[in-house]
Every structure is written in C-alpha cells, then in structure tokens.
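Trainee: After the sequence you'll find the predicted model.
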Amino acid sequence: MKILLKAIPLCLTFILASNAYSATGGAAFLKKGVGARALAMGGAYTALADDTSSLYWNPAGLVRVQDYSAALMGTSGSSDEWEGLSDMTPSYNFAAVSIPLSKFAKYFKSAVFAVGYLNSTFENVSMTDENGIYGHFDDTQNAVFFSLAAPMWEGNTNLYAGITFKYITEKMESIEGGSASGYDVDAGLIYNVFETLNFGVFISNGATMEWDGGNTDHANITAKFGVSNKFSINRKIKITPAVDIMQVQKEPIAANVGLEFSYLDVYDDYNLGLNGIHVRGGVNSYALEKRYDVSEVMNENLSYSVGFGIDLMIFGKFLQIDYALGMGNIFDKQSKVSINFYF
C-alpha cells in the first residue's frame, strides 16, 4: 500500500506530461482560481502551495497540511461594470477539507486526502437575437475535487507528489441541450530544499465535457513550473517572491508573479494570538512570447491583484483569514475572502 500511495501520483504526473500537447475549451470557470492568498499573489502558487487550496493549484502541497483543515472562499462583486451585462448576478464560491491519513493509521505516514467543491453561477443572463433581448437564463457550473498527496521522500530535501480528479457539471436553465458533465485530472510535484526554497511542477489534462446535444468540449492542457523562496530579513520579517512559468496549449508561454511580505509573531498567546500579518500583490498571465498573435491582447488586459491576510491562534487552533482584490481584467474585479481553519 505504501508503494501504491507513492507510485500513483508520480506515474500520473508523467502520463499527463506525455500528453501535454494533444487537446483544445470546456469548463472555463475552472481557470479563475481559488483561495484569496494565491489569488492575491497572481496565481503564482505552484511551488508555494501549502494549504487546503493546494488541491486546485498543486495537489502535492497537501502533504504540508498535517492537521485536519477546512477552507472556504466567497466572492463579492457586481456585474454593473460589465457593459451590457448590468442585470447579471455572478457568484463564485469554494469549500474544501483535507484529512491527514495518519490520523487513522500511522501506516499512511504523511499522506493526505482532500475533497473540495467549487460553484460558479451566473443568474439572469440575457438571451438575444437580431431583435434584442428575448429572455433570460441561469448558468450553474460545479466541480467536485478528490485529491491524494504523499511524500516521495523526506529529509534534508523533500519531494511531494499529488493527484486531483475533478467531476464537473454545467446546467443552463431553459436552454435545449444546455446540460453537460465531464471530468479533469491534475498532477503535481513539489521539491523542497533548505526548508525555504521550493520548486513545483503542475500539469492539468484539461476538462472533457459531454453535452446533452451530443457535442464534446476539450479544454487545453496546461503545464506550469514554479519557484518560490522565503527570505528572512530578521526573525519576524519575511519576504516571499514566487514565479510560475505557464504553458497553456495553443497560447503563448506566460508568467504569474507574486510577492508576499510577512510580519510574524505579532502577539503570542494560546487563547488569542496574532501569529502573522501579510501583505501581497501579483500579476497573472503576462505573455512572454509572441506566438498565436494574442500576446499584445493578453498584456493589454492583464489581471493584477493585491491582498492581505492575518494568522490567528484561538485556543490552540490555527485560523487564517485572507482577502484579495482583482484589478485590471474587467471580468475579475471582485473581492475574495478566504478562511482556512486547522484543528
């Protein structure tokens, strides 16, 4: 069993890598990301992933969560800024739990299982033709995540591997053939050196969606390589830059860049302690090359973000509260709030 726990994530990583240039779009809502910390850092989270949102960014990061953990994320925003869509109400919410398998049997060592749920809903979407608006419908998209992560080895350096399976559904009310279901598979690795330096690899096979009308959509395969390092200015002040280099099939190579400034051990108390204050910023999907004639459009419509977070200790339990604000890209001008609770 121990060999199986280690072999499955690693094998899937290379199986997906061998396919990395063979697909084309479905389940686009999965590209928006989860977790206010990661989103505030521009999605540069492939190497840095260390909380329950890792099941989205890089499932290998779940190995770093060795307590029971619950994560929630909600968004607030209005479509008023979206020209022609002022009556549409968007929502985007995420919830997940992670469970260290060692809590049940020491045999599993540091392996972690996680399950998550992501919902994206657009209410009151207009249906139009050459005569104008003739009706409205709701579009509801859901994804359920199942993740498993395990260490390949641990010591002076650490190598973690993980996989995520996603079951995806979409339903457009009152639209004939407007229902679909499908799946996606992700795999990732994280290599940790000197405790502070991290390298990450992530590959997503791309969602395959089967529609009631008989059509099939295939999302593009995505590969990411990430680097992050935590620099200590002194015992309390840390600066963590992170960079992801991303290749989405049939798109230019792009970069996500993030920076986190942390002030730690602000107030130490078992009953109510303030373990850390964080300020973050990032840029998402900056095109690094000119293939496919979309680089200029991508860089003219960059999504950039800022955010902050606090780490609390409450009666011996750890609570993270994070906030992110997306800017730039008009479809991402929303506030995101996340809570991670460890118990």
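Mentor: Everything's here; your move. Residues are numbered from 1 along each chain as shown.
Trainee: Show me the helices in the stretch 1-150 of the chain, by range?
Mentor: 2-18, 36-40, 54-57 (DSSP state H, counting those that start in this stretch).
Trainee: Pick out the shakiest of the ones you listed, pLDDT-wise.
Mentor: Per-stretch mean pLDDT for the helices of the stretch 1-150 of the chain is lowest at helix 2-18 (a mean of 41).
Trainee: Start from the N-terminal end of the stretch 151-300 of the chain and give the helices.
Mentor: Under DSSP H, counting those that start in this stretch, the stretch 151-300 of the chain gives helices at 295-300.
Trainee: any low-confidence regions in it?
Mentor: Within the stretch 151-300 of the chain, no stretch has pLDDT under 70.
Trainee: beta partners of residue 281?
Mentor: residue 259, residue 306 (DSSP bridges).
Trainee: Packing partners of the strand ranked longest in the chain?
Mentor: For the chain, the strand that runs over the most residues, judged by DSSP state E, is strand 132-153. Strand 132-153 sits against helix 2-18, helix 54-57, strand 112-129, strand 157-172, with contacts defined as 3 or more C-beta pairs under 8 Å, 6 or more residues apart in numbering; DSSP states H and E. C-beta: built from backbone N, CA, C; applies to glycine.
Trainee: how does it look with 10 Å?
Mentor: helix 2-18, helix 54-57, strand 89-100, strand 112-129, strand 157-172, strand 179-193 (3 or more C-beta pairs under 10 Å, 6 or more residues apart in numbering; DSSP states H and E).
Trainee: so can I have TSV of the ones you listed showing mean neighbour count and distance to residue 283?
Mentor: Below are the helices and strands packed on strand 132-153 laid out as TSV (neighbours: other C-beta atoms under 10 Å; distance: least, C-beta to C-beta, whole Å):
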stretch	mean neighbour count	distance to residue 283
helix 2-18	15	26
helix 54-57	32	16
strand 89-100	19	20
strand 112-129	18	23
strand 157-172	21	25
strand 179-193	21	22
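Trainee: Please tell me how far the residue located most distally from the centre of the chain sits from residue 125.
Mentor: In the chain, the greatest distance from the average C-alpha position (C-alpha atoms, centre = their mean) is reached by residue 131, at 40.4 Å. According to C-beta to C-beta, to the nearest Å, residue 131 stands 17 Å off from residue 125.
Trainee: swap in residue 318?
Mentor: In this view, residue 318 and residue 125 are 40 Å apart by C-beta to C-beta.
Trainee: So residue 150 sits against residue 107, correct?
Mentor: No - under the criterion of C-beta atoms under 10 Å, residue 150 is not in contact with residue 107, lying 12.0 Å apart.
Trainee: higher neighbour count, those two?
Mentor: residue 150 (26 against 11; other C-beta atoms under 10 Å).
Trainee: ok, that one to residue 166 distance?
Mentor: Residue 150 sits 19 Å away from residue 166, going by C-beta to C-beta.
Trainee: now residue 271
Mentor: Taken as C-beta to C-beta, the span from residue 271 to residue 166 is 40 Å.
Trainee: With residue 244 instead?
Mentor: Applying C-beta to C-beta to residue 244 and residue 166 gives a distance of 20 Å.
Trainee: and if you look at residue 195?
Mentor: Residue 195 is 31 Å from residue 166, by C-beta to C-beta.
Trainee: same deal with residue 232?
Mentor: From residue 232 to residue 166 the distance is 37 Å (C-beta to C-beta).
Trainee: do residue 178 as well
Mentor: Distance from residue 178 to residue 166, by C-beta to C-beta: 20 Å.
Trainee: Could you count how many residues lie near residue 194?
Mentor: 10.
Trainee: need the contact list for it.
Mentor: 156, 157, 229, 230 (C-beta atoms under 10 Å, 6 or more residues apart in numbering).
Trainee: In TSV: the helices and strands packed on strand 132-153, plus distance to residue 255.
Mentor: Compiled in TSV, the helices and strands packed on strand 132-153 are given as follows (distance: least, C-beta to C-beta, whole Å):
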stretch	distance to residue 255
helix 2-18	20
helix 54-57	15
strand 89-100	24
strand 112-129	25
strand 157-172	23
strand 179-193	18
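Trainee: Could you point out which of those sits nearest residue 338?
Mentor: Counting by C-beta to C-beta, residue 338 lies closest to strand 89-100 out of those; the figure is 8.1 Å.
Trainee: Check which helices and strands that closest one sits against.
Mentor: helix 54-57, strand 69-76, strand 112-129, strand 132-153, strand 335-342.
Trainee: what's the closest of the ones you listed to residue 289?
Mentor: Nearest to residue 289 among the helices and strands packed on strand 89-100 is helix 54-57 (23.4 Å), distances taken as C-beta to C-beta.
Trainee: The closest one packs against which elements?
Mentor: Using 3+ C-beta pairs under 10 Å, 6+ apart, helix 54-57 sits against helix 36-40, strand 69-76, strand 89-100, strand 112-129, strand 132-153, strand 157-172, strand 179-193, strand 197-204.
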